[in-house]
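A.B. asks: dropping a prediction and its sequence here:
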Amino acid sequence: MLPVGGVIVGVLALIVGGYGAIKASSLQKIVATHQEKVDKVDGIESQLGSVSAASDKATKDIGSLSRTTQEAFNTVAADLANIHASIVKIEEAQKKPAAAGKGPRGEVVAGPGEYVVKAGDSFAKIGRAHGGFSPSEVASVNPGVDSSKLKVGQKIKLPAKK
């Protein structure tokens, strides 16, 4: 009986061992499948790390670009303000009369190509001072004006520049 009992125990051990081997094989296949998934998750994790680093760099670059652009706009704005101020000064200078004097009815203002007579002026003196014109050239653009009877504050025309 003892040998028969030993054989039964051996057969049972063989069956349990075979069942265990089958279960271990199926578990190994499941572990292998899960290992592929774990490897994919690890790959995605490393990609996310790279993307995060690239995102941080892009954020820093955008901040730097924004600051640089703002500095450039500030510089351009300051230059435009200076140009505007210069233009305003030029416009104001253009509005100021070329010459002024006192006439019988108050202040007389000369426009472009005109002159307001001052004490001691003559056609010769005015012509020399405003372009080197001769007295006859000044007289030719002022018909009917007697050069010997010029009055302070009187407007006369000046010849066109040569």
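C.D. replies: Perfect, I can see it now. Numbering: from 1, shown residues only.

A.B. asks: from here on, just use CA atoms for contacts and neighbour counts.
C.D. replies: Fine.

A.B. asks: quick one, strands of this protein?
C.D. replies: 100-103, 106-109, 114-116, 155-157 (DSSP state E).

A.B. asks: pull up the pairing partners for the last one, direction included.
C.D. replies: So the one you mean is strand 155-157. Sheet pairing for strand 155-157, assigned by DSSP bridges, gives strand 114-116 (antiparallel).

A.B. asks: the strand it pairs with - what's its average pLDDT?
C.D. replies: Per-residue pLDDT over strand 114-116 has a mean of 91.

A.B. asks: show me the shaky parts of this protein.
C.D. replies: 96-111, 162 (pLDDT under 70).

A.B. asks: quick one: the helices in it, in order.
C.D. replies: 2-95, 123-129, 135-140 (DSSP state H).

A.B. asks: make JSON lines out of these and add mean neighbour count and distance to Lys161.
C.D. replies: Output for the helices of the chain, formatted as JSON lines (neighbours: other CA atoms under 10 Å; distance: least, CA to CA, whole Å):
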{"stretch": "helix 2-95", "mean neighbour count": "12", "distance to Lys161": "18"}
{"stretch": "helix 123-129", "mean neighbour count": "17", "distance to Lys161": "11"}
{"stretch": "helix 135-140", "mean neighbour count": "17", "distance to Lys161": "11"}
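
A.B. asks: let me see the domain layout of this structure.
C.D. replies: Taking automatic domain parsing as the domain assignment, the ranges for the chain are 1-96, 100-157.

A.B. asks: can you measure across stretch 134-143, start residue to end residue?
C.D. replies: End-to-end distance for stretch 134-143, by CA to CA, to the nearest Å: 15 Å.

A.B. asks: what does it rub up against?
C.D. replies: 123-124, 127-128, 145, 147, 156-159 (CA atoms under 8 Å, 6 or more residues apart in numbering).

A.B. asks: can you name the two of the residues you listed that sit furthest apart?
C.D. replies: Largest separation among these by CA to CA: Arg128 and Val145, giving 18.2 Å.
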